Structure formats: structure tokens, C-alpha cells
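K.L.:
can you look at this prediction? I've put the sequence above it.
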Amino acid sequence: MENDIIFKPLQFRNLTVKNRVFRSSISGRWDNYDGSGSQTRVNWEEKFARGGVGAIITSFVPVAIRGRIMPNYATIHSDETIPFWRRVGEKVHEHDCKFILQLSHSGRQQDIGGVENLGKKALSSTSDTESFHGFLCQAMTREEIQDTIQHFADGARRIREAGLDGIELHSGNGYLFTQFLSSGINNRKDEYGGSLENRARFLLEVIKAIRKEVGNDFHLQFKISGIDYNNAVIFWEKPGNTLAESVQICQWAEEAGADGVHVSTGSLFPHPLNPIGGFDFDVITRSYDTMLSSGIFTTRNYLLFRYGFLHPIFNFLWNRVKKTLPPQQFSGNEVKDPEMRKLLEDHQGRNLLAAREIKKHVKIPVLCTGGFQQASYIRQAIHDEYCDGVTIARPLIANNGLVHDFAAGKDLPDKPCTYCNKCLLNVTENPLGCYELSRFDNDYEEMMKEVMSVFHPTQFEQHQESSKVPVPHR
Ligand SMILES: Cc1cc2nc3c(=O)[nH]c(=O)nc-3n(C[C@H](O)[C@H](O)[C@H](O)COP(=O)(O)O)c2cc1C
Ligand code: SF4
């Protein structure tokens, strides 16, 4: 391990992480409807800290109730949330793992608005309906933009007060920041739209407002879609930002005070390229009903998912761009099983070219997400300066202890993630976990036991443990 680059600490300006593997943002609907946190969330984050990752980036944490993607995700919209986040942070720290909170706002990409937002259109850079699900929205006024900037600054202050280790701005994957940054979405005529400089204004003003609130000595990174691929599914949409434009945004963000950048892709979530992998129609048909009333195209989509004879149409739209991807730059060490080798070649490190281009143009460390689960591949990506560290989501859901496997000298875990995306497609309705039956030797009970393990200990068990009355010695 001593000479292994995966286990070399990663030094940001204001934060040191013990190794190069970060848990990327992932969460289930673990928390209370009103955005207050639950014991299940604590258990969830602790699983990954125990598994050896250097840092955890939380899932989407809304800075305002109006900006959430769905209910039951813990928020950071008020000072009342600070004790909960402090509690999660303390648990994670027990495993020598850093905890970075992803400050977020859905903008128009709001899967399930929740009852508090009933009758309110989501806020966005634009009044144009989101192209895939048909979520309705209205363009923010200047005053609403200023209020939202303040929400981010307040969220940042709460993160610091909770004793967490840093902030990630969720400025990729189609959420509010992307809605400003992307030339495919932002159609404003004021100083927040038009030129790249204007489209980047909102992000840069948020970074500056955060720096004013928390100072220069607190870790702040941002996530960005290196390439938007805004017309990947709906091909008559504009393509959105190019890699060159994203490089420029990263340089401006660095100048404004960002300490790190996290490279992803896509102006939608999910997007055919993020997380890249399978699309199981049975699973999506079972869970998409939760979103039926959310958008004006959701009924159309549901029919496409529900009826087999329509699947070729959806598959054509969903898989179109994957075929145009450039070949992989390197394939990692030899994997003997040809099926596994093909899986890894098709999915691992798909954002690395974008990450390398960004890395050439900034001084801050660059993290890259997308398909990583093979030690030799990750080692080579870092060694060849494609990125400084990797972030992992699904392969860590499948194998919480992946980093311990790497430390023990394994190149791949015994039962790797298959990139089937059943975890993702279940998440709006069912607990988040690995739903790939083949990984559990086709034993459904075993699979459910693992999925449900996150609910233990329960809040009640925890409470009992901490309130045990000491028995006096005689
Ligand atoms: C169930 C699920 C939920 C996710 N939620 C978020 C999120 O809240 N914020 C975010 O930036 N990315 C989110 N992602 C994307 C992941 O963080 C990650 O970047 C992506 O899945 C690619 O990495 P992977 O191939 O290691 O899964 C989510 C992915 C999954 C599968
Ligand atoms: S369901 Fe399991 S195997 Fe499939 S992508 Fe998710 S974690 Fe990987």
C-alpha cells in the first residue's frame, strides 16, 4: 500500500483526504418528509466510511424546500438541520473518513415536488419545460436569483458549523446550476444569460458568496458536466456546453475560490451516459408511477416503458449517443473473463478524457466519476494524470468494502457491479441498494436482507442504547 498511488493522500488547499477513492453522491429516500434527517441516513453513510473510502460526498442536499428533487432527502435549508448533520459527520469521522456535503438546488429538474411545493412551478433559469419528463418551471427573477445565492451561502455556513469537512456545489447533471451554465437550456436575455460569461455568473456569484460567508480556509469543490450532451435523448434540443466551454468555466471557478473540481457528464439526470449502464423496463415500470403527475411527458414515457413493442423506440433514443463515444484510452490490466472485460471496457472511466482536458487547464485537484471499480485502472488513470482521484457510486453500493479489497491486493471485487442500473431505477420508490439478483446467486431473500440492512440499527435501538440507566454496583 505504501507505494500505491490509490493510497497516497490527496491534498487540496484546505483539506487532506487519506486516499484517492471518494464515495460519490448517492442516497435513498431515507429521511423524514419535511427534510429532517433519520438514523437510516446515518447508517447509510457509515457503511461507506467503514468500507475505507477517503471521503464521502453526500447525495443532493437542497438549500431550500423549493429546490429539492423529492421528499425524504435530508435538507440543509434551516439552522435546525445543523445538529443532524453534525451527528452524521461525527459517525463518519469515527472511521477516519472526510465528509463533504453536496449543496444543491433542483431548479426545474424536480422528480417529485412534494406537497409543500404544490401549485408552485419550480424555479429555473428558463421558463421552458424540461425536455425529457416535461417538468414545468418559471424563470427566476433577479430577486429570486439573489435569494438563492443567499440560500447557498447560508447552507455553506451550516456545513461549517456542523463540523463537516467541505462543500461540493452540485453544478452538473442538469440541476439549477446546469440550467444557468448550459447553452442548451439557458435562454435568458439579462446578465445571467447569453454569453458563456453571463451563463457562468450565477455559479461564480455563489462561489464568491460562500467564500464571504465561510472564509478562504474551508474546502469548496464543484461538480461539472464536462460535456452537456443536452440533445442525447431528445435529439432536436440544442447540444449544450462543449468541453472547451466547461474548461473555461472551471478556470473561472478556480479564480473565484474553488478548491477542487469533480467531472461528470450530461444535462439530465439520469442521462444515457450518467450513470452509464443498463435500463431495465420491468424495474422502471414499477417505480416510475411515483412521478406520473410530475411532468407533462411522464405519461408518454410510462407507455414507452410499459409496452414491449415500444421499447425499440426508447432504446434507440436512449442508446444513440453511446455509439458515438470515443474508444477508451486504456483498458487497465487484463481481466480473464471476456464478459467482465467487455463490461469494464464499456463503462469504466467514461469521463476521463474530459477530466484530463480540465486537469491540463487548472491547478486545483480534479476528481472524476463514472464506472470505476478496478484498482489497476484507477491507478493508471491517476498515474497518467487523467485525474487526481476517483469518485464511485454504484460499485460501492455493490461492494461497500471495495477499498479494503484494493488494500488487500485485489484488482476487482469477487462480485463486481454489473452496471445494470437497477439500483438507480428503483430509487424513487424503493430503498436504495443493489438489486442485481445474479450478484446474490439468484437468492431474492439474500438480496433483500442486504438491501434492508441499512435500516439497522433503528432510531429506537440507538435511543435505547444511549439512554440505558447504569445499574449501581453493590
Ligand atoms: C441511485 C443514484 C443516486 C445518485 N444521486 C446523485 C446525487 O444526489 N448527486 C450527484 O451528484 N450524483 C448522483 N448520482 C451519480 C453518482 O454520484 C455518480 O456520479 C454516477 O453514478 C457515476 O458513478 P458510478 O459509475 O460509480 O455509479 C447518483 C447515482 C445513483 C446510481
Ligand atoms: S443494482 Fe447492483 S450491480 Fe446493478 S448497477 Fe446497481 S449496484 Fe451495480
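P.N.:
Yep, it's here. Ligands and ions are numbered 1, 2, ... in the order given.
K.L.:
which SSE is the residue lying closest to Lys238 once chain neighbours are set aside in?
P.N.:
Spatially, and ignoring its direct neighbours in sequence, Lys238 is nearest to Gly184 (4.0 Å; C-beta to C-beta, 6 or more residues apart in numbering). C-beta: built from backbone N, CA, C; applies to glycine. Counting by DSSP states H and E, there is no helix or strand that carries Gly184.
K.L.:
how about the contacts made by Gly184?
P.N.:
228, 230-231, 237-241, 267 (C-beta atoms under 8 Å, 6 or more residues apart in numbering).
K.L.:
per-residue pLDDT, it?
P.N.:
Gly184 carries a pLDDT score of 97 in this model.
K.L.:
for it, grab phi and psi.
P.N.:
Main-chain torsions, Gly184, degrees, to the nearest 10: phi -80, psi -20.
K.L.:
ok, so what distance separates it from ligand 1?
P.N.:
For Gly184, the distance to ligand 1 (C-beta to the nearest ligand atom, to the nearest Å) stands at 19 Å.
K.L.:
any idea how far that residue lies from Ile234?
P.N.:
10 Å (C-beta to C-beta, to the nearest Å).
K.L.:
what of Leu169?
P.N.:
The value you get for Leu169 to Ile234, if C-beta to C-beta is used, is 26 Å.
K.L.:
which one of these two has more residues nearby?
P.N.:
Leu169 (26 against 13; other C-beta atoms under 10 Å).
K.L.:
pretty sure that one contacts Leu101?
P.N.:
No: the pair Leu169 and Leu101 fails to qualify as a contact (C-beta atoms under 8 Å) at a distance of 10.3 Å.
K.L.:
now do the strands in the chain.
P.N.:
Applying DSSP state E to the chain gives strands spanning 10-11, 16-17, 21-23, 55-62, 98-104, 122-124, 137-139, 166-169, 219-225, 260-264, 366-369, 389-392.
K.L.:
now the ones you listed in JSON lines, with distance to ligand 2 and mean pLDDT?
P.N.:
Converted to JSON lines, the strands of the chain look like this (distance: least, C-beta to the nearest ligand atom, whole Å; pLDDT from 0 to 100):
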{"stretch": "strand 10-11", "distance to ligand 2": "25", "mean pLDDT": "98"}
{"stretch": "strand 16-17", "distance to ligand 2": "23", "mean pLDDT": "98"}
{"stretch": "strand 21-23", "distance to ligand 2": "13", "mean pLDDT": "98"}
{"stretch": "strand 55-62", "distance to ligand 2": "15", "mean pLDDT": "97"}
{"stretch": "strand 98-104", "distance to ligand 2": "20", "mean pLDDT": "98"}
{"stretch": "strand 122-124", "distance to ligand 2": "28", "mean pLDDT": "97"}
{"stretch": "strand 137-139", "distance to ligand 2": "30", "mean pLDDT": "97"}
{"stretch": "strand 166-169", "distance to ligand 2": "22", "mean pLDDT": "98"}
{"stretch": "strand 219-225", "distance to ligand 2": "20", "mean pLDDT": "98"}
{"stretch": "strand 260-264", "distance to ligand 2": "16", "mean pLDDT": "98"}
{"stretch": "strand 366-369", "distance to ligand 2": "14", "mean pLDDT": "98"}
{"stretch": "strand 389-392", "distance to ligand 2": "10", "mean pLDDT": "98"}
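K.L.:
tabulate these (TSV), appending distance to Ala381.
P.N.:
Shown next, in TSV, are the strands of the chain (distance: least, C-beta to C-beta, whole Å):
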stretch	distance to Ala381
strand 10-11	13
strand 16-17	16
strand 21-23	12
strand 55-62	17
strand 98-104	21
strand 122-124	35
strand 137-139	37
strand 166-169	20
strand 219-225	18
strand 260-264	12
strand 366-369	7
strand 389-392	7
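K.L.:
tell me the most buried of these?
P.N.:
Stretch with highest mean neighbour count among those: strand 260-264 (a mean of 29; mean count of other C-beta atoms under 10 Å).
K.L.:
okay, now the sheet partners of that one, with direction.
P.N.:
In the sheet, strand 260-264 lines up against strand 219-225 (parallel), strand 366-369 (parallel) (DSSP bridges).
K.L.:
so which of those is nearest Lys212?
P.N.:
For Lys212, the closest of the strands paired with strand 260-264 is strand 219-225, at 11.9 Å, according to C-beta to C-beta.
K.L.:
between that closest one and strand 98-104, how big is the angle?
P.N.:
Here strand 219-225 points in a direction 50 degrees away from that of strand 98-104 (axes from the mean of the first three to the mean of the last three C-alpha atoms, to 10 degrees).
K.L.:
near ligand 1 at all, strand 219-225?
P.N.:
Yes: interface with ligand 1: strand 219-225 contributes Lys223 (C-beta under 6 Å from any ligand atom).
K.L.:
figure out how far that strand is from the centre of its chain.
P.N.:
Taking C-alpha atoms, centre = their mean, to the nearest Å, one finds strand 219-225 lying 11 Å from the centre of the chain it belongs to.
K.L.:
now do Phe330, the pLDDT please.
P.N.:
pLDDT for Phe330: 67.
K.L.:
now do Ser466
P.N.:
pLDDT at Ser466 comes out at 60.
K.L.:
kindly report the same for the one 5 residues further on.
P.N.:
Per-residue confidence for Val471 comes out at a pLDDT of 47.
K.L.:
residues of the stretch 151-300 of the chain that sit close to ligand 1?
P.N.:
Checking the stretch 151-300 of the chain against ligand 1 by C-beta under 6 Å from any ligand atom, the hits are 170, 173, 223, 264, 274-275.
K.L.:
list just the nearest of those residues to Ser293.
P.N.:
Using C-beta to C-beta, Asn173 is the member of those that sits closest to Ser293, with 23.1 Å.
K.L.:
low-confidence ranges in the chain?
P.N.:
Applying pLDDT under 70 to the chain flags residues 327-334, 462-474.
K.L.:
one more time with 80
P.N.:
Counting by pLDDT under 80, the ranges of the chain that qualify are 1-2, 325-334, 459-474.
K.L.:
now do the biggest helix by length in the chain against strand 98-104, angle only.
P.N.:
Scanning the chain for the longest helix, with DSSP state H as the assignment, gives helix 142-161. On the basis of the same axes, to 10 degrees, helix 142-161 is oriented at 170 degrees to strand 98-104.
K.L.:
now helix 142-161: buried residues?
P.N.:
145, 148-149, 151-160 (16 or more other C-beta atoms under 10 Å).
K.L.:
now for it, which elements pack on it?
P.N.:
Packing contacts for helix 142-161, counted by 3 or more C-beta pairs under 8 Å, 6 or more residues apart in numbering; DSSP states H and E, involve helix 82-93, strand 98-104, strand 166-169, helix 201-214.
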